[in-house]
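[1] Fold the following for me, if possible:
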Amino acid sequence: MKWKDLLSDQRPGRIEYGAGIHDLRSEFEKDYHRIIVSASFRRLQDKTQVFPLDKSDFIRTRLTHSLEVSSIARSLGQNIGSGILARRLDPSFTDRTNADICVVLQCAGLIHDIGNPPFGHFGEETIRDWFARNLSGLKWKGQKAEEFLTDRQKKDLRGFEGNAQGLRMVSRLDYPVHHDGLNLTYAVLGCMMKYPAASDEADPSARQVGMRKFGYFDSESELFREIQEATGSGGRRNPLAYVLEAADDIAYATADIEDAFKKGFFGFSVFMAELRERGVAGIYRDRLEDLFDMSRLTGAANPEESAIRSWLREMQDVLIVAAAESFLSNYEALMEGKMTRELISGRTAGTLLSALKTIAYDYAFTSMSIFKTEIAASRIMNCLLDNLVPAALMYDCGTPGLLEEKYLSLIPVNYGLVCRKASDGAPESVQVYARLQMALDTVSGMTDSYARDLYSELTGLR
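    Down below sits the predicted model:
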């Protein structure tokens, strides 16, 4: 793969806004602005990162998480770009290339979770479970809807992926005046695709990390081919996708520990013991103890919290340096599409990252408060899907009943336009699939609070 192709500033949209206007920004800087002012990006402020519907302003949302990933991704880009230039790894890599990869990574960091439904990853799991249980019973014009779908389309629905929905959101749903969404550059779209695989190609046990999930729905298969052709990646994982993945790992691993500690899921001594138990290097554990001693000596109001927060900031720097060095050490394999593992691995940085992830999971993700909230979230999501999906199958065909008509009115007009565009003159498999996706677009596009409040209004329950 070559940087001149990977950093393609072309766009998939056939109509481009602002053509002929004198603008000194690069195409990637324009992408950044488009994302920041988009409705789908704003909605991330009320979507779960780990703790659904939390009342604390301290706890992270998808928006604050995405901003952190964006910042870390840009920092990684700066370190990697400077390293490529200093070590002369690639004669085609210039200062301009360095600047461009930083902005592309910054943009991809903002949108890497933009397709996630309400209530975080539990929302994804609920959608998958709903279609696993209900797809076979859905009707289309009096017949089983499932019989019209291709195998890939059925896998898309039963294996719903926020990553694939993210590509759909930015390329179809957000501001779809000409059905191109935000019409971002191929470079940014290629970078955000951590998984260059379809649902019938992905394998959770695959040796290649980029094939363990899927990154696009059947509805975006043509767009995926365009991205691969424009960026020259040829079905392989974009090198910058490894950087985005590392930024995401660094951001959520450290943030989840901070948020979980703040909420009281574990104390300082327990955290220290867990780091030791999970084999984290002594130099990192000693540094945390030093920061705790310093916090006590300086009279910090909460020396344990102060020490952990300071330590996590330092560990972010450690992991950033490790990820950048891994990229540089594996430069040839990355550019040839032969890299099979994540950037951050090994005994020191890899063990540290793994420990932070598993501690957060063991103490926060499996807590009783999370379970209770997820039970409530399940009732909300299932109610919305129970009613919106059958109604969507009656969109623009037949005569919906009184109740179905009411539910159809809840579907945003622009999502209906996208459905109609996909359906017009298409085979029945696409028509059925497009309507099911329209229901999913509606539910997955909701914020946590909107989904909860809509459920309350529809059921008279709280």
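[2] By mean pLDDT, point me to the weakest helix or strand of this protein.
    In the chain, the helix or strand scored least confidently by mean pLDDT, DSSP states H and E is helix 402-408, which has a mean of 84.
[3] Arg87 and Ser329 touch, don't they?
    No. Arg87 is beyond contact range of Ser329, at 10.1 Å (criterion: Cβ atoms under 8 Å). Any C-beta I mention is one placed from the backbone N, CA and C, and that applies to glycine too.
[4] buried ones in the least confident helix or strand of the chain?
    Residues of helix 402-408 classed as buried: 404, 407-408 (neighbour count, 16 or more other Cβ atoms under 10 Å).
[5] can you check stretch 165-177 too?
    Neighbour-count burial for stretch 165-177, counted by 16+ other Cβ under 10 Å, picks out 165-176.
[6] on that earlier part again, for the following helix or strand past the least confident helix or strand of the chain, name the packing helices and strands.
    Proceeding N to C from helix 402-408, the next assigned helix or strand is helix 413-423, under DSSP states H and E. With contacts defined as 3 or more Cβ pairs under 8 Å, 6 or more residues apart in numbering; DSSP states H and E, the packing partners of helix 413-423 are helix 428-444.
[7] before we move on, back to that, what is the nearest of the buried residues of stretch 165-177 to Gly350?
    Gly166 (26.6 Å; Cβ to Cβ).
[8] Can you verify the closest one is assigned to a helix?
    Yes. Membership of Gly166 in a helix is supported by DSSP: H, G, I helix; E, B strand; the rest coil.
[9] That one contacts Ile114, doesn't it?
    Yes. The pair formed by Gly166 and Ile114 meets the contact definition of Cβ under 8 Å, at 4.8 Å.
[10] quick one, what contacts Leu312?
    Going by Cβ atoms under 8 Å, 6 or more residues apart in numbering, Leu312 touches 254, 257-258.
[11] Please report how far it lies from Lys262.
    Noted for Leu312: a distance of 11 Å to Lys262, by Cβ to Cβ, to the nearest Å.
[12] go on, Phe224?
    Per Cβ to Cβ, Phe224 is found 40 Å from Lys262.
[13] now swap in Ser38 and tell me
    30 Å.
[14] of these two, who's got more company?
    Neighbours per residue (other Cβ atoms under 10 Å) separate Ser38 from Lys262, with Ser38 holding more: 19 against 15.
[15] Skipping adjacent residues, who's closest to that one in space?
    Once flanking residues are discounted, Ser38 sits nearest to Asp174: 5.1 Å by Cβ to Cβ, 6 or more residues apart in numbering.
[16] what do you get for Glu245?
    Closest residue to Glu245 apart from its sequence neighbours, by Cβ to Cβ, 6+ apart: Lys194 at 5.4 Å.
[17] just Lys155 next, same as before
    Per Cβ to Cβ, 6+ apart, closest to Lys155 is Ser199, 3.8 Å.
[18] residues touching the one you found, list them.
    By Cβ under 8 Å, 6+ apart, the contact set of Ser199 is 152, 155-156, 159, 161, 164, 214, 217-218.
[19] The same query, at a cut-off of 10 Å, please.
    151-161, 164, 213-218 (Cβ atoms under 10 Å, 6 or more residues apart in numbering).
[20] So which of those residues belong to helices?
    Those of those mapping onto helices are 151-158, 164, per DSSP state H.
[21] ok, and for the one helix or strand Leu244 maps to, which residues are buried?
    Taking DSSP H and E as the definition, Leu244 sits inside helix 239-262. Using 16+ other Cβ under 10 Å as the test for burial, helix 239-262 gives 239-261.
[22] Same question for stretch 386-399.
    Residues of stretch 386-399 classed as buried: 387-396 (neighbour count, 16+ other Cβ under 10 Å).
[23] now the end-to-end length of it.
    Stretch 386-399 stretches 19 Å from its first residue to its last (Cα to Cα, to the nearest Å).
[24] Would you pull up how far that stretch lies from the middle of the chain?
    29 Å (Cα atoms, centre = their mean, to the nearest Å).
[25] Low-confidence ranges, the stretch 101-250 of the chain, go.
    Within the stretch 101-250 of the chain, the segments meeting pLDDT under 70 span 175-178.
[26] Pretty sure Arg276 sits against Arg285.
    Yes. Arg276 is in contact with Arg285 according to Cβ atoms under 10 Å; the separation is 6.3 Å.
[27] neighbour count winner among these two?
    Ranked by neighbour count (other Cβ under 10 Å), Arg276 and Arg285 place Arg285 first, with 16 against 12.
[28] which residues touch the more buried one?
    The contact partners of Arg285, by Cβ under 10 Å, 6+ apart, come to 271-272, 275-276, 311, 352.
[29] Thank you kindly, that will do.
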